[in-house]
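Peer 1: Have a look; sequence and predicted model below, questions after that.
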Amino acid sequence: MINNHLSRYTKGAYFIISLFGVLSISSCSRNKGEKAVVNAELPYTVQMKEQFNTDILLAINYLDSISKNTERAKDFYLQSRKYFKKIEPVLSSIDVENYGFLNQPNILKIEEEDFTDIKIKNPSGYQVLEEEIYADKMDAAIVKKHADLMLNRLILVKSNTNFSHLKPYHFLWIFRKAFIRVALTGITGFDSPMLENSLEESRIVYNSLKQSLAIYKSEFKDPKLFEQWNNEIEATIADLSGDFNTFDRYDFIKNHTHKQLGLWNQTVSNWNVSFPFELAIKNNATSLFSDQTFNLAYFSDRNSGKITPEKIDLGEKLFYDANLSSNKKMSCATCHHPDKAFTDGLKIGAGVTRNTPTLFYAGLQKAFFYDKRAGSLEGQIVSVVKNENEFHTDLETLKKVVSQDSVYTKQFEEVFNTKDIGNAHIRNAIASYVRNLNPFSSKFDRNINDLENSLSQSEINGFNLFNGKAKCATCHFAPLFNGTVPPDYKESEIELIGVPDKNDTINAKISPDLGRYYVYNTPERKHFFKTSTVRNASKTAPYMHNGVYTTLEEVVDFYNRGGGSGIGIEQEYQTLPPDHLNLTDQELQDIIAFMRSLEDQNLDNSPDLAIKN
């Protein structure tokens with residue numbers, strides 16, 4: 001059966017789109033002699049390929065068994081999923097697109113490029129199959145359909161996955177990405193929505209990492225470092241046990257993930273590896289919860305240039321300058337107050353139709369505004385400048401105002417090395433200031449980084465609930481606690497959760513704001529909004545895009561009821577599970593205590609964050 005499937009395709013019929021694939025193409029394009037060297041598989045890549053092919057074939061075989069015998073679908077699913085998790089570290093790095101297909105959530109996928117290019121795709125993959133197999137009443141035909149789709153996709157992957165370009169730095173990226181994924185999505189139940197089999201699956205991933213590390217044993221110049229890795233992985237596997245709801249995720253990240261980041265950096269040095277560039281997480285990161293964790297350039301517009309202290313200072317000055325608006329009375333800080341975590345405390349912002357979001361951590365996203373209509377901070381600033389209820393001006397006028405100020409012209413020349421100030425320079429400077437607003441200075445950050453020991457048990461319990469039983473972290477991903485999906489950070493999610501027009505749980509009606517729908521008029525995107533960060537939530541009330549909730553207690557009650565569905569708002573495409581979370585009063589209080597612990601320090605007193613207008 002498998003061989004028959006394989007015979008349908010040729011190796012040239014399928015192209016893998018991935019970061020590592022692009023690297024291999026660019027590295028092979030010099031001359032024929034160099035290409036032959038690059039394509040020669042090294043011993044460890046041969047071993048990795050052999051192990052990958054063994055595991056993926058088993059995943060394929062068990063999917064084929066589901067298709068032939070749906071009565072044993074549960075047993076076969078668990079076995080296929082096991083081997084999929086074994087190949088996950090490699091597959092998710094060298095073939096991001098197919099990994100995404102095979103592990104996507106059971107939510108309608110919409111791709112909107114422009115008004116003439118809108119694709120609506122029904123999901124498939126392991127998460128979808130899990131929900132179908134473990135439904136109250138399984139539909140054998142639907143299960144077989146998804147199993148066949150996945151089977152064919154895995155066969156294509158097996159036939160076309162290339163290992164010849166992999167170098168030690170590729171492997172190190174693969175390795176780090178895998179254990180970061182476990183910490184930020186694996187142990188949250190993100191991709192095991194019904195079975196909550198996340199701890200067992202995370203053990204499988206770590207066993208796979210241990211197996212892969214053994215292949216690279218000869219790279220270690222210090223045998224003790226290799227032994228440290230083995231001991232740490234074994235300890236991690238041992239700790240990935242117990243009940244999903246009571247698992248201590250705080251302890252796991254603090255004492256395993258962060259330790260592994262340290263060992264990883266030692267390994268980079270020990271192997272004498274250098275990287276051609278940085279991904280979303282800096283190559284030398286030692287914590288997931290630090291102002292030194294993220295590579296700001298990764299999240300920036302490709303033409304934004306280097307972020308320097310001088311550019312940030314210039315952007316800060318522009319941020320607080322009311323002269324940039326048509327009436328000379330409004331600056332960016334008019335609506336984004338530093339003492340309120342760069343919000344304004346209003347239900348709906350002055351002159352606009354939605355609640356004012358925080359600017360803290362705003363630069364660590366891949367889309368902007370609640371409806372994601374801007375793809376960069378620079379693009380967002382254009383909308384603010386042109387909005388008649390905000391700056392009510394235009395980019396050329398903005399340029400003239402700045403160009404006529406001798407102090408500005410001197411600063412712009414120093415920062416951008418040009419006397420010709422363009423509106424792009426102005427927007428880039430302001431955006432650079434906003435991108436720098438990632439302090440990671442909260443009580444929670446200081447504790448998980450072992451700088452102090454002041455978290456209460458309630459706050460720790462709240463983090464564990466947030467990332468476990470309450471399912472908050474399946475949309476608000478740590479450490480940013482927004483909707484930018486780790487570990488690749490390529491997409492900022494939008495969700496339909498059924499936010500009501502009024503704080504009413506009896507006769508609730510959905511907010512009339514259609515959100516993302518207004519951008520491309522896609523009916524399936526009505527009432528979808530970007531997932532905001534919950535960092536500094538203690539300072540950013542009221543909440544939701546329409547400011548309908550004034551307290552965190554009201555917010556967690558809404559989610560505990562099952563979102564809009566739980567208060568009688570029925571929406572076909574609601575992305576939030578409609579089930580009640582059944583959180584106790586104490587658990588709700590613990591979650592709120594945790595969210596309050598995410599308040600960055602010195603918001604009111606820092607000289608850089610003082611209101612200047």
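Peer 2: Structure received.
Peer 1: Now the one helix or strand residue 155 maps to: buried residues?
Peer 2: Element membership of residue 155, judged by DSSP states H and E, is helix 140-160. For helix 140-160, the neighbour count (16 or more other C-beta atoms under 10 Å) marks 143-144, 146-151, 153-160 as buried. For the C-beta atoms, the positions are set from N, CA and C on the backbone; glycine is no exception.
Peer 1: Near residue 43, how many other residues are there?
Peer 2: Other residues near residue 43 come to 9 when the count uses other C-beta atoms under 10 Å.
Peer 1: for it, phi and psi?
Peer 2: phi -50, psi -40 (degrees, to the nearest 10).
Peer 1: Look at it and report its pLDDT.
Peer 2: Predicted confidence (pLDDT) for residue 43: 79.
Peer 1: Then residue 393?
Peer 2: What the model reports for residue 393 is a pLDDT of 73.
Peer 1: Packing partners of the helix holding residue 155?
Peer 2: For helix 140-160, the packing partners by 3 or more C-beta pairs under 8 Å, 6 or more residues apart in numbering; DSSP states H and E come out as helix 2-6, helix 43-68, helix 73-94, helix 96-102, helix 126-133.
Peer 1: one more time with 6 Å
Peer 2: helix 43-68, helix 126-133 (3 or more C-beta pairs under 6 Å, 6 or more residues apart in numbering; DSSP states H and E).
Peer 1: Just say which of these is most tucked in.
Peer 2: helix 126-133 (a mean of 22; mean count of other C-beta atoms under 10 Å).
Peer 1: so how far is that helix off the chain centroid?
Peer 2: 22 Å (C-alpha atoms, centre = their mean, to the nearest Å).
Peer 1: Contacts for it, please.
Peer 2: 73-74, 77, 81, 103, 105-106, 142-143, 146, 191, 194 (C-beta atoms under 6 Å, 6 or more residues apart in numbering).
Peer 1: and what of stretch 199-208?
Peer 2: Against stretch 199-208 from outside (C-beta under 6 Å, 6+ apart): 82, 85-86, 178, 182, 186-187, 233, 236-237, 240.
Peer 1: let's see 8 Å
Peer 2: 55, 81-82, 85-89, 178-179, 181-182, 186-187, 191-192, 233, 236-237, 240-242, 244, 247 (C-beta atoms under 8 Å, 6 or more residues apart in numbering).
Peer 1: Likewise for stretch 251-267?
Peer 2: Applying C-beta under 8 Å, 6+ apart, the set of residues contacting stretch 251-267 is 172, 175-176, 179-180, 182-183, 187, 220, 225, 228-229, 232, 235-236, 239-240, 284-288, 448-450, 478.
Peer 1: Residues contacting the helix or strand harbouring residue 518, please?
Peer 2: Element membership for residue 518, per DSSP H and E: helix 517-520. The contact list for helix 517-520, computed with C-beta under 8 Å, 6+ apart, reads 112, 114-115, 118, 371-373, 523, 525-528.
Peer 1: Among the residues you listed, name the buried ones.
Peer 2: Among the contacts of helix 517-520, those scoring as buried are 112, 371-373, 525-528 (criterion: 16+ other C-beta under 10 Å).
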